[in-house]
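[1] Build me a model from this:
(chains A and B)
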Amino acid sequence: MTFLQAHDLTLGYQDAVVIDDLDLTLPTGEITVFVGANGCGKSTLLRSLARLLKPKAGEVMLENQSMNEMATKDIAKQLAILPQGPVAPEGLTVWQLVKQGRYPHQSLLQQWSKQDEAFVKQALKATQTEQLADRTVHSLSGGQRQRVWIAMTLAQNTDILLLDEPTTYLDMAHQIEILDLCFDLNETEGRTVVMVLHDLNMAARYAHKIVAVKDKTIYTEGRPEDVITSDMVKYVFGMESKIIDDPLFGSPMCVPYGKGRKKKKPAAEKEIAYVN
Amino acid sequence: MTHLFSSSQGKALGLVISCCLLLVSFFLSVRLGQVSVPGTMMIDAMFRFDENSADHVIIYERFSRAVTAALIGSSLAVSGGLLQSLTRNPLASPGIFGINAGALFFVVFSVVFLSLSSLPTLIWIAFGGAGIAAALVLFLGLMGADGLSPIRVVLAGTAVTALFTSLTQGMLVVNEANLDQMLLWMAGTVSGRTIDVLLPVLPLMIGALFCSFLLAKPVNILVSGDDIAKGLGQKTVVVKLILVLIAVLLAGGSVAIGGMIGFIGLIVPHIARTLVGNDHYWLLPYCVSLGAGLLILADIIARFIISPQEMPIGIMTALIGAPFFIYIARKGFRGE
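    Here you go, the predicted structure:
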């Protein structure tokens, strides 16, 4: 099983430092979710773990080797990344897109093989997109499209899968569909999944480990049950909330305070008093 | 969007048909003109060339001309197709790298100040000028933290084009005597380019065409975006640099030989995309056959449209291309 670690990682664009001297070990064979406020650097962190962004200082270790010293193609055989909001070229079919996942395994001499074909079919099956194979990516719904992109990263056949906000812009049903897919990939195939998610409650439900990013570094990390508290939410997101148990899964569930229409109930009035 | 040819068999068949059309137009190009030559004479000229026979000389000239048109047409189309994919901009054409303006500037400079006039020399000067302009644009495009940014390339290209064009115009205003000489070159032409003149540039351009086919797979990945391509283990900067180099070789060679022939590099890739989609395995061969065929046809029409004079081919392609360009622009903007 491939191991992913960050040592003394400093990241940024031009002169701005976004992540400062961060250390992180990602548990193998588990689902890790990065959470944090907009612009806190969680996507930047994910991108750098996938060598899409070169660190200003420090290094990312894959297995026991620094990524700086590895050939990008060799990294692509062990780690797949789905960036935020990918756009497929017009007219590209699902089959063609998923096929691209085999790119790192091919070379000028080693072209398309039976094995490549098998991995593509398996990826389509795992994401339940076999029947979409001949459709163009553009003709699909948002949820289907995201599934197809995930299929492409699956075809890469890597132990580690990094997903940057895979559920953004999807409706609630499609969000669950994508997250269930990630759950299955981890549960049945034992893949290490690392995601950036905006929805704290979904993160709590699916993640083995939560990493909360704040002030250019990790504020806290650990099991959702241990990490998600109203103090943490207040510090990381700057928002008052009440943490209750998810009635279905028992995982922590964050209910934010704020304005809004309320049903008149004695209990609800007590809450207003608390806010004021 | 669905394409005319969606299956592999359909695409292969389409390619065979377009190659057949190319051959027919090539044949017509040799045959038709102010003097029509019979087909038997063409076979005769091919196997027993007699330089004292007027017909044979005409055939040789027209043959050279058709080869020139085919080479330029296919090169411009492939160059345009690659640059459209690189910049993800459907309105990109070889001109965006300042290639045409750079070539023209150096040619006019050589004619005005160095009094050079031999065609083979000017071809190399134009080639060099195209390269210098492209290098300048590329340098400006690379001058950022995020590597080669398409938008910066387009802006730099526009600026470099404006710079070289105004300098050229300045020189021509001061030296009106040379204006006539340059006018045909500016309007684009494929006549008077015999095979011997082409010979030095030919291997470079044909080599670049073959290399472009080797790029098909990496470019297919690259058009999904930099992050996707990098994530799949592609060295995107290397691929982009090779792509630009090939596009510049092709377009620079074309402008060196034929002057300003516009619109082929813009519209042919679009026609090819409507036929076979964005898969560069198919797109590039289609660009070659359609680009060559279209420019040969334009050349044939140019011979007759204002007979007995000939219309410069650059004007011909603009007449065909401009309405098409407007159509693409409207369709493109609505599509986005």
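[2] Tell me the residues on chain A that lie near chain B, please.
    Proximity of chain A to chain B is confined to A:13-14, A:47, A:50-52, A:71-77, A:80-83, A:86-92, A:96-97, A:100-101, A:103-104, A:106, A:108, A:136, A:138, A:153, A:156 under the rule C-beta under 8 Å from any C-beta of the partner chain. (Each C-beta comes from the backbone N, C-alpha and C, glycine too.)
[3] who's in contact with the residue nearest to A:L79 when sequence neighbours are not counted?
    Distances taken as C-beta to C-beta, 6 or more residues apart in numbering or on different chains place A:I160 nearest to A:L79, at 4.4 Å, with adjacent residues excluded. Contact analysis of A:I160 by C-beta atoms under 8 Å, 6 or more residues apart in numbering or on different chains lists A:T2, A:L4, A:L26, A:Q78, A:L79, A:A80, A:R191, A:T192, A:V194.
[4] What's the per-residue pLDDT of A:I160 here?
    A:I160 is assigned a pLDDT of 94 by the prediction.
[5] Which strand residues bridge it?
    When assigned by DSSP bridges, A:I160 has beta-bridge partners A:L79, A:T192.
[6] Helices of the stretch 1-150 of chain B, start to end?
    B:8-31, B:39-47, B:54-87, B:99-113, B:119-142, B:150-174 (DSSP state H, counting those that start in this stretch).
[7] Go through these and name the closest to chain A.
    The minimum distance between chain A and the helices of the stretch 1-150 of chain B falls on helix B:54-87, with 8.2 Å, by C-beta to the nearest C-beta.
[8] tell me the angle the closest one makes with helix B:99-113.
    130 degrees (axes from the mean of the first three to the mean of the last three C-alpha atoms, to 10 degrees).
[9] can you give me the mean pLDDT across helix B:54-87?
    Mean predicted lDDT for helix B:54-87 stands at 88.
[10] My guess is B:L119 contacts B:V197. True?
    Yes. With contacts counted by C-beta atoms under 8 Å, B:L119 reaches B:V197, the gap being 5.6 Å.
[11] which of these two has more neighbours?
    B:V197 (17 against 13; other C-beta atoms under 10 Å in any protein chain shown).
[12] What residues does that one make contact with?
    B:L119, B:P120, B:I123, B:I257.
[13] gap between the closest residue to the third one other than its chain neighbours and chain A?
    I take that to be B:I123. Distance criterion C-beta to C-beta, 6+ apart; nearest residue to B:I123, sequence neighbours excluded, is B:A256 at 4.6 Å. Using C-beta to the nearest C-beta, to the nearest Å, B:A256 is found at 31 Å from chain A.
[14] What about B:A256, how many residues nearby?
    B:A256, neighbours per other C-beta under 10 Å, totals 25.
[15] Now the helix or strand containing A:G58: buried residues?
    Using DSSP states H and E, A:G58 maps to strand A:57-62. Buried positions in strand A:57-62, judged by neighbour count with 16 or more other C-beta atoms under 10 Å in any protein chain shown: A:G58, A:E59, A:V60, A:M61, A:L62.
[16] which residues touch whichever helix or strand comes after it?
    Sequence-wise, the next helix or strand downstream of strand A:57-62 (DSSP H and E) is strand A:65-66. Residues outside strand A:65-66 that contact it (C-beta under 8 Å, 6+ apart) are A:E59, A:V60.
[17] next one: strand A:65-66 to chain centre, how far?
    22 Å (C-alpha atoms, centre = their mean, to the nearest Å).
[18] ok, and for the helix or strand just after it, which residues are buried?
    Proceeding N to C from strand A:65-66, the next assigned helix or strand is helix A:72-76, under DSSP H and E. Within helix A:72-76, the residues that count as buried by 16+ other C-beta under 10 Å are A:T72, A:K73, A:I75, A:A76.
[19] Please name the nearest non-neighbouring residue to the residue of the stretch 51-200 of chain A found nearest chain B.
    Proximity to chain B, evaluated over the stretch 51-200 of chain A using C-beta to the nearest C-beta, is greatest for A:A76 at 3.0 Å. Spatial nearest neighbour of A:A76, chain neighbours left out: B:G233 (3.0 Å); criterion: C-beta to C-beta, 6+ apart.
[20] for A:E130, same thing?
    In space, A:E130 is closest to A:L124, 4.6 Å off (C-beta to C-beta, 6+ apart).
[21] give me phi/psi at the one you found?
    With angles defined as degrees, to the nearest 10, A:L124 shows backbone torsions of phi -60, psi -40.
[22] list the contacts for it?
    Per C-beta under 8 Å, 6+ apart, neighbours of A:L124: A:V94, A:W95, A:V98, A:E130, A:L132, A:A133, A:A151.
[23] Can you get me a residue count around the first one?
    Taking other C-beta under 10 Å as the criterion, the count of residues near A:V94 is 28.
[24] Isn't it up against A:W149?
    No. Counting by C-beta under 8 Å, A:V94 stays clear of A:W149, with 9.9 Å between them.
[25] picking up where we left off before, give me the subset of the contacts of A:L124 lying in helices.
    A:V94, A:W95, A:V98, A:A151 (DSSP state H).
[26] which residues does the first one contact?
    This means A:V94. Counting by C-beta under 8 Å, 6+ apart, the residues that A:V94 touches are A:L124, A:T129, A:L132, A:A133, A:D134, A:R135, A:T136, A:V137, A:L140, A:V148, A:A151.
[27] And the buried ones among those residues, selectable in ChimeraX?
    Typed into ChimeraX, the line below selects the buried ones among the contacts of A:V94, using 16+ other C-beta under 10 Å:
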select /A:124,129,132,133,136,137,140,148,151
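[28] possible to save the contacts of A:V94 as TSV with pLDDT?
    Shown next, in TSV, are the contacts of A:V94 (pLDDT from 0 to 100):
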residue	pLDDT
A:L124	92
A:T129	90
A:L132	92
A:A133	90
A:D134	89
A:R135	90
A:T136	89
A:V137	91
A:L140	91
A:V148	94
A:A151	93
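[29] Double-check that B:G192 belongs to a helix.
    No. Counting by DSSP: H, G, I helix; E, B strand; the rest coil, B:G192 is not part of a helix but coil.
[30] residues near it, how many?
    12.
[31] can you map out the strands along the stretch 151-276 of chain A?
    A:160-164, A:192-196, A:209-214, A:217-222, A:241-245, A:252-256 (DSSP state E, counting those that start in this stretch).
[32] Show residues contacting the last one.
    Just to be clear, that refers to strand A:252-256. In contact with strand A:252-256 (C-beta under 8 Å, 6+ apart) are residues A:200-201, A:204, A:224-225, A:228-230, A:233, A:239-246.
[33] one more time with 7 Å
    A:200-201, A:204, A:224-225, A:228, A:233, A:239, A:241-246 (C-beta atoms under 7 Å, 6 or more residues apart in numbering or on different chains).
[34] And stretch B:210-224, what's buried?
    B:S212, B:L215, B:K217, B:P218, B:V219, B:N220, B:I221, B:L222, B:V223, B:S224.
[35] quick one: which of the residues you listed is nearest to A:E117?
    A:E117 lies nearest to B:K217 out of the buried residues of stretch B:210-224, by C-beta to C-beta, at 16.1 Å.
[36] Surely the closest one forms part of a helix?
    Yes. Counting by three-state DSSP, B:K217 is part of a helix.
[37] check contacts around it.
    By C-beta under 7 Å, 6+ apart, no residues touch B:K217.
[38] do the same with A:D21
    Per C-beta under 7 Å, 6+ apart, neighbours of A:D21: A:D8, A:T10.
[39] where does A:P55 land in three-state SS?
    Using three-state DSSP, the structure places A:P55 in coil.
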